[in-house]
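Colleague: let's see this in three dimensions:
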Amino acid sequence: MQANLMIQGTMSGVGKSLLTAGLCRLFANDGFSVSPFKSQNMALNSFVTKDGNEMGRAQAMQAEASFKEPSVLMNPILLKPTNDSQSQVIVNGKALCTLKAKEYFSWRKNLVPLILDSYKKLSEKNELIFIEGAGSPAEINLRENDIVNMGVSRLTNAPVVLVGDIDRGGVFAQLYGTVNLLLPSERKSVKGFIINKFRGDKTLLESGLSELERLTGIPVLGVVPYIHAEFDDEDSLAPRLLENANKHFFPATKKLDIVIIRLPHISNFTDFALLFELDFVRVRYVFSVFDLGSPDAVILPGTKNTISDLRELKKSGLFESILDLEKRGTFIFGICGGFQILGESVCDENGVEGGGFEKGLGLLPIDTVFAVEKTLREVHAVIGKTEFDGYEIHHGNTKIKNPESKKNIKEFCTILLDSGKTEADGCMTKNVAGTYIHGIFENGKVTENFLNFLCARKGLDEKFSVRDWCEIKNERYDFLSRVLRENLDIPKLYSIMGIAEKI
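Modeller: Okay, the predicted model is just below:
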């Protein structure tokens, strides 16, 4: 018999995605066939499945935790903001249209049959479904036609566990206020509270927990400590992206200084998660020309709006500063939209990202024209002798400008096609390179070679050894599972879902 549980939060960023991933691993380790599900996600960090579909990164992470292959059934609707008031709507892994927020909110009820169909297909293949909500269920202005919180709980008959973030303060008000803004029928679905991101002595919470239970009649299932471990994040408000490392402080233990330009519409910043794990590298996101300093490498990441972000680079002064660093020999690297920015021009004649034309940095002799159809595919490629896996998500078609240009550059890497043929990807000069392939730094050997290359350019006799990101993540899913088992009332969760432990 299939069972389910829905994880909702008092607000965005309380840890729903991570707790869902941890529960998926915990119950998978207990012998259940488990799958995550989130009806609608909004994120610029997306994942490409093996069959060439696009889905939310968080559900791909949760699928990994469940020992399952990521599928768009786990996230049938993905919204990718193109600006503050509109998003590209991706349904069943393919871009359907671009809508303003008001248009989407009035239209989204038409997606209910799709949501139910995806959920049903997952249920047929799994014993347990862990459903993640979005934002808060107490957004009373959005209650009508809700398809991601209590609306999904009703559709799937899922009991709800509500998560609050004590690290931000006011956790009792978060939980109590959320429950009391729900409709009476919705309140009945809430079967427990989880307090997340706690630091300190739990005994100091006891009186507050008892009072919360008395006031609401809902049990507290546990207090989860703040977990000091990074996982793939999909939120553009992730703490790491908002931090601004001091350019003047360079610890003696760090051998290299790598800057990632914090573009306004940055996407797929999980490309760099492994770099942040390394003790011998300082990696920092930079917002301002004043924080650029003199790094060993500058990385231009992916973006959901290349032309808009290119214009912002020019306004901020970072455009000229990057050109100046390149002249002084700094290595400049671009991925996807960042690769496009390195070229001579970007043209959106079809209005895919709002339209327009903009001159790029001109560091590579390439031009990019946006096509209406999006390229979505997993790839297996090789740089030198090192093979690696990655994925592509882009509308841009990029070409070298003229035959004469080809004499001065070479391909960055080679994609190995299933047919046995090969395909060149990206290009590079002496100290500038770009590629369309995301996930390149998730491969330990590729990352190792890149860092050793930077050290050699700097005159350092250093050789590093780097593990694959997937290996590190897998260990962390087990760690997360152990933390939840130690701090949550797992028998009570079994009871809420109406299932018995497997012997």
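Colleague: so where's the stretch 401-503 of the chain shaky on pLDDT?
Modeller: Filtered on pLDDT under 70, the stretch 401-503 of the chain yields the residue ranges 403, 405, 503.
Colleague: ok, then the element right after the helix ranked longest in the chain?
Modeller: In the chain, taking DSSP state H as the definition, the longest helix is helix 469-487. Going down the chain from helix 469-487, the next helix or strand is helix 490-497, by DSSP states H and E.
Colleague: show me what counts as buried in that next one.
Modeller: Residues of helix 490-497 classed as buried: 490, 493, 496-497 (neighbour count, 16 or more other Cβ atoms under 10 Å). To be clear about C-beta, it is placed using only N, CA and C from the backbone, and glycine gets the same treatment.
Colleague: quick check: residue 448 is in a helix.
Modeller: Yes - with DSSP: H, G, I helix; E, B strand; the rest coil as the criterion, residue 448 is located in a helix.
Colleague: how close does it sit to residue 66?
Modeller: Taken as Cβ to Cβ, to the nearest Å, the spacing of residue 448 relative to residue 66 amounts to 29 Å.
Colleague: neighbour count: the two, which is higher?
Modeller: Set side by side, residue 448 and residue 66 show unequal neighbour counts under other Cβ atoms under 10 Å, the larger going to residue 66 at 26 against 17.
Colleague: what's across from residue 163 in the sheet?
Modeller: Residue 163 has the following beta-bridge partners by DSSP bridges: residue 9, residue 194.
Colleague: for it, which residues are in contact?
Modeller: Going by Cβ atoms under 8 Å, 6 or more residues apart in numbering, residue 163 touches 7-10, 14-16, 19, 193-196.
Colleague: check residue 271 too.
Modeller: Going by Cβ under 8 Å, 6+ apart, the list of residues near residue 271 reads 301-302, 335, 438-442.
Colleague: tell me the confidence at it?
Modeller: Among the per-residue scores, residue 271 shows a pLDDT of 93.
Colleague: any chance you could map the helices in the stretch 101-250 of the chain?
Modeller: With DSSP state H, counting those that start in this stretch as the criterion, the stretch 101-250 of the chain has helices at 101-107, 112-125, 150-156, 171-181, 184-187, 206-216, 239-242.
Colleague: now render those as CSV, adding mean pLDDT.
Modeller: Below are the helices of the stretch 101-250 of the chain laid out as CSV (pLDDT from 0 to 100):
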stretch, mean pLDDT
helix 101-107, 88
helix 112-125, 96
helix 150-156, 96
helix 171-181, 97
helix 184-187, 95
helix 206-216, 97
helix 239-242, 52
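Colleague: what's the most buried one of those?
Modeller: helix 150-156 (a mean of 20; mean count of other Cβ atoms under 10 Å).
Colleague: between the contacts of residue 163, which is nearest residue 219?
Modeller: When those are ranked by distance to residue 219 (Cβ to Cβ), residue 193 comes first, at 7.2 Å.
Colleague: wait, isn't that closest one in contact with residue 164?
Modeller: Yes - under the criterion of Cβ atoms under 8 Å, residue 193 lies in contact with residue 164, with a separation of 6.8 Å.
Colleague: pull up the overlap in contacts between those two.
Modeller: Common neighbours of residue 193 and residue 164, counting by Cβ under 8 Å, 6+ apart, are residue 175.
Colleague: contacting residues for residue 49?
Modeller: The neighbourhood of residue 49, defined by Cβ under 8 Å, 6+ apart, consists of 55, 60, 69-72, 93, 378.
Colleague: how far away is it from residue 470?
Modeller: Taking Cβ to Cβ as the criterion, residue 49 is separated from residue 470 by 16 Å.
Colleague: could you do residue 154 as well?
Modeller: Relative to residue 470, residue 154 is positioned 37 Å away (criterion: Cβ to Cβ).
Colleague: and what of residue 120?
Modeller: Separation of residue 120 from residue 470 (Cβ to Cβ): 30 Å.
Colleague: please apply the same query to residue 6.
Modeller: Shown here: residue 6 relative to residue 470, a distance of 28 Å by Cβ to Cβ.
Colleague: try residue 421
Modeller: Summarising the geometry, the distance separating residue 421 from residue 470, computed by Cβ to Cβ, is 27 Å.
Colleague: of the two, who's got more company?
Modeller: Neighbours per residue (other Cβ under 10 Å) separate residue 421 from residue 470, with residue 470 holding more: 14 against 8.
Colleague: surely that one is in contact with residue 443?
Modeller: No - shown here, residue 470 and residue 443 do not form a contact pair, counting by Cβ under 8 Å, at 9.0 Å.
Colleague: mind naming the longest strand for this protein?
Modeller: Scanning the chain for the longest strand, with DSSP state E as the assignment, gives strand 366-383.
Colleague: what is that strand packed up against?
Modeller: strand 46-48, strand 94-100, strand 345-348, strand 386-400, strand 413-416 (3 or more Cβ pairs under 8 Å, 6 or more residues apart in numbering; DSSP states H and E).
Colleague: return the most buried member of those strands.
Modeller: strand 46-48 (a mean of 27).
Colleague: neighbouring strands for that strand, and are they parallel or not?
Modeller: Sheet pairing of strand 46-48 (DSSP bridges) gives strand 54-56 (antiparallel).
Colleague: what are the contacting residues of the partner strand?
Modeller: Outside of strand 54-56, the residues within contact range by Cβ under 8 Å, 6+ apart are 38, 41, 43, 45-49, 70-72, 74-75, 78, 90, 93-95, 234, 374, 376, 393.
Colleague: list the buried ones in it?
Modeller: With burial defined by 16+ other Cβ under 10 Å, the residues of strand 54-56 counted as buried are 54-56.
Colleague: any idea which of the residues you listed is closest to residue 346?
Modeller: When the buried residues of strand 54-56 are compared for distance to residue 346, the smallest value, 21.4 Å, is given by residue 54; criterion: Cβ to Cβ.
Colleague: who's that closest one bridged to?
Modeller: The partner list for residue 54 in beta bridges (DSSP bridges) reads residue 48.
Colleague: now do it against residue 386, distance only.
Modeller: When Cβ to Cβ is the yardstick, residue 54 and residue 386 sit 27 Å from each other.
Colleague: kindly report the same for residue 446.
Modeller: For residue 446, the distance to residue 386 equals 6 Å [Cβ to Cβ].
Colleague: before we move on, what about residue 332?
Modeller: Residue 332 sits at a distance of 21 Å from residue 386 (criterion: Cβ to Cβ).
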